[in-house]
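> need a structure here:
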Amino acid sequence: MRYVCGNNERGLRAQGCGRDQCQLNVHDYLADLPDNQDASDLVEVQFKNTRKGYYRNDNHLTIQKGDVVAVEASPGHDIGVVTMTGRLVALQMKKAYMKPGEEIKRIYRIARPADIEKYEEAKAREHSTMIRSRQAAKDLGLEMKIGDVEYQGDGNKAIFYYIAEGRVDFRELIKVLAELFHVRIEMKQIGVRQEAGRIGGFGPCGRELCCATWIRSFHSVGTAAARFQDVSLNPQKLAGQCAKLKCCMNYEVDQYIEAGRRLPSREITLETMDGEFFFFKADILSNMVTYSSDKRMAANLTTIPAKRALEIIEMNRKGEKPESLEESGKAQPAKPVDLAAQDDLHRFDKKKKKRNNKKRNDGRHSEGRNNEGRRNEKLANES
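Numbers count the residues shown, from 1 in each chain. Take a look at the predicted model:
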């Protein structure tokens with residue numbers, strides 16, 4: 001059983017592509033190098049959703065990306081899909097924060113038809129197991145939500161992913177679940193971000209959720225990231241599918257912080273011959289600052305480069321005042337044109353009216369010319 005990557009027309013090697021239906025896909029940019037698979041015996045194997053593992057090919061099996069393999073587990077064996085081989089696996093292990101001395105389990109064999117059949121039977125029980133386990137947790141009065149259940153490939157172990165705000169004593173629940181399902185129980189707590197990644201979905205950007213595609217480790221996101229980027233602190237716009245702040249708030253915050261250091265302080269007032277000007281807003285990435293003559297409202301707004309504002313601040317420190325905010329002999333930079341504000345819903349109707357009026361006028365003129373021709377012809381006949 002093998003998942004085959006289709007033809008790729010974007011210049012990417014088919015050997016480096018992952019499965020389209022697989023989360024956390026990684027393009028192996030070293031796949032086309034000679035002897036890449038023989039360079040390392042480490043193999044990356046992915047299981048259900050976002051769970052990945054790294055194993056050693058001690059048996060020197062001929063393994064390619066997409067092969068379904070049976071790997072060592074505790075206890076028994078598990079079934080997963082090979083997502084990467086060769087040199088890049090060691091780099092991925094560092095990215096997953098695996099310790100150098102951590103024991104690496106091994107790959108047993110390419111999955112046999114009997115292994116696949118047993119694996120499918122175990123997976124078919126996951127949904128019903130989740131429903132019954134939720135009812136068991138509710139009967140025990142535990143403040144937790146079981147979000148997903150994952151059976152091991154051989155069906156001897158089940159991982160219960162749960163969400164809880166505080167600490168939960170689930171020792172009694174483990175005993176109940178072991179009696180119900182007769183398997184080894186493992187409880188694993190996840191956050192709401194991980195749950196959103198397991199469920200999947202689409203964000204307001206139109207793309208699939210980052211947590212469901214490539215994010216493996218989650219970092220805290222604070223409102224300071226929104227402040228640095230001058231984003232409105234609107235909870236409805238800042239919150240993602242998980243009801244937490246969007247992870248993408250951290251993507252560009254470093255660039256905004258670096259660009260913000262080149263801007264003047266918001267607390268400094270600029271003094272000119274025309275009067276005092278107060279900070280109103282700033283376009284951080286374009287390095288432009290807008291000042292207002294009134295501290296409480298927008299009045300006589302003037303936009304100048306940050307370099308010019310720093311020059312005026314330095315002049316004020318020396319006791320000097322320029323004539324105006326703009327540099328002498330230089331016009332104020334043109335503001336971007338808002339094309340949406342210029343749109344008129346009736347602009348096409350006006351053109352049609354003009355055309356209709358022109359046709360009517362042309363018709364009247366032609367009719368007048370025809371009547372005049374008839375009169376001239378009648379006078380000629382009478383004479």
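> helices along the stretch 201-350 of the chain, start to end?
For the stretch 201-350 of the chain, the helices defined by DSSP state H, counting those that start in this stretch occupy 223-228, 235-238, 253-260, 306-317, 339-342, 347-382.
> so which elements touch the fourth one?
Using 3 or more Cβ pairs under 8 Å, 6 or more residues apart in numbering; DSSP states H and E, the elements in contact with helix 306-317 are strand 270-272, strand 288-292. Where C-beta positions appear, they are placed from N, C-alpha and C, glycine not excepted.
> show me where the stretch 51-200 of the chain has its helices.
Going by DSSP H, counting those that start in this stretch, the stretch 51-200 of the chain shows helices at 88-95, 113-124, 126-139, 171-181, 192-199.
> can you redo these as CSV with mean neighbour count and distance to Tyr251?
What follows is the helices of the stretch 51-200 of the chain, written out as CSV (neighbours: other Cβ atoms under 10 Å; distance: least, Cβ to Cβ, whole Å):
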stretch, mean neighbour count, distance to Tyr251
helix 88-95, 16, 17
helix 113-124, 14, 35
helix 126-139, 15, 33
helix 171-181, 14, 39
helix 192-199, 20, 15
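> can you put the ones you listed in a markdown table and add mean pLDDT?
Output for these, formatted as a markdown table (pLDDT from 0 to 100):
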| stretch | mean pLDDT |
| --- | --- |
| helix 88-95 | 83 |
| helix 113-124 | 91 |
| helix 126-139 | 93 |
| helix 171-181 | 92 |
| helix 192-199 | 83 |
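> quick one: closest of those to Arg51.
helix 192-199 (9.7 Å; Cβ to Cβ).
> Asn25 reaches Glu208, doesn't it?
No. Asn25 lies out of contact with Glu208 (Cβ atoms under 8 Å); the separation is 10.9 Å.
> ok, the residue most central in space within the chain - contacts?
Of all residues in the chain, the one closest to the mean position by Cα atoms, centre = their mean is Cys210, 4.4 Å from it. When contacts are counted by Cβ atoms under 8 Å, 6 or more residues apart in numbering, Cys210 is found next to 203, 247-248.
> how much space separates Gly191 from Ala226?
According to Cβ to Cβ, to the nearest Å, Gly191 and Ala226 sit 20 Å apart.
> actually Arg87, not the one I wrote
40 Å.
> try Tyr162
30 Å.
> could you list the low-pLDDT ranges of the stretch 1-150 of the chain?
1-24, 49, 100-101 (pLDDT under 70).
> re earlier: Gly191 and Ala226: who's more crowded?
Ala226 (19 against 13; other Cβ atoms under 10 Å).
> and the helices and strands packed on helix 306-317: which comes nearest Glu126?
strand 288-292 (55.3 Å).
> and that closest one with helix 306-317, angle?
50 degrees (axes from the mean of the first three to the mean of the last three Cα atoms, to 10 degrees).
> and strand 288-292, which strands flank it?
strand 275-283 (antiparallel), strand 302-305 (antiparallel) (DSSP bridges).
> would you tell me which one of the ones you listed is buried the most?
strand 302-305 (a mean of 19; mean count of other Cβ atoms under 10 Å).
> what about that one, distance to the chain center?
Counting by Cα atoms, centre = their mean, to the nearest Å, strand 302-305 is centred 33 Å from the centre of its parent chain.
> try stretch 286-306
33 Å.
> what about Tyr54, how many neighbours?
Residues near Tyr54, counting by other Cβ under 10 Å, number 19.
> so it touches Glu102, yeah?
No. The pair Tyr54 / Glu102 is not scored as a contact, 9.3 Å apart, by Cβ under 8 Å.
> re earlier: okay, the helices and strands packed on helix 306-317 in a markdown table with mean neighbour count, distance to Phe218 and mean pLDDT next?
Formatted as a markdown table, those follow (neighbours: other Cβ atoms under 10 Å; distance: least, Cβ to Cβ, whole Å; pLDDT from 0 to 100):
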| stretch | mean neighbour count | distance to Phe218 | mean pLDDT |
| --- | --- | --- | --- |
| strand 270-272 | 20 | 43 | 89 |
| strand 288-292 | 19 | 35 | 91 |
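> would you turn the ones you listed into TSV with distance to Ala111?
What follows is these, written out as TSV (distance: least, Cβ to Cβ, whole Å):
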stretch	distance to Ala111
strand 270-272	71
strand 288-292	60
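> quick one: closest of the ones you listed to Ala137.
Judging these by Cβ to Cβ, what sits closest to Ala137 is strand 288-292, at 55.5 Å.
> list of residues touching that closest one?
Residues contacting strand 288-292 (Cβ under 8 Å, 6+ apart): 263-264, 270, 277-283, 298-306, 309, 325, 333.
> the same query, at a cut-off of 6 Å, please.
If you take Cβ atoms under 6 Å, 6 or more residues apart in numbering as the criterion, strand 288-292 is touched by 277-278, 280-282, 298-299, 301-303, 306, 309.
> with stretch 268-285 instead?
256, 259-260, 263, 266, 289-293, 295, 312-313, 316, 321-324.
> can you list the domain ranges for the chain.
The chain breaks down into these domains under automatic domain parsing: 14-111, 112-218, 219-261, 270-317.
> mean pLDDT and distance to Val68 added to the strands paired with strand 288-292, as TSV?
Formatted as TSV, the strands paired with strand 288-292 follow (pLDDT from 0 to 100; distance: least, Cβ to Cβ, whole Å):
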stretch	mean pLDDT	distance to Val68
strand 275-283	89	53
strand 302-305	90	60
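> quick one: closest of those strands to Lys118.
strand 275-283 (60.8 Å).
> distance check, Leu245 against Gly197.
15 Å.
> what's the answer for Asp294, then?
48 Å.
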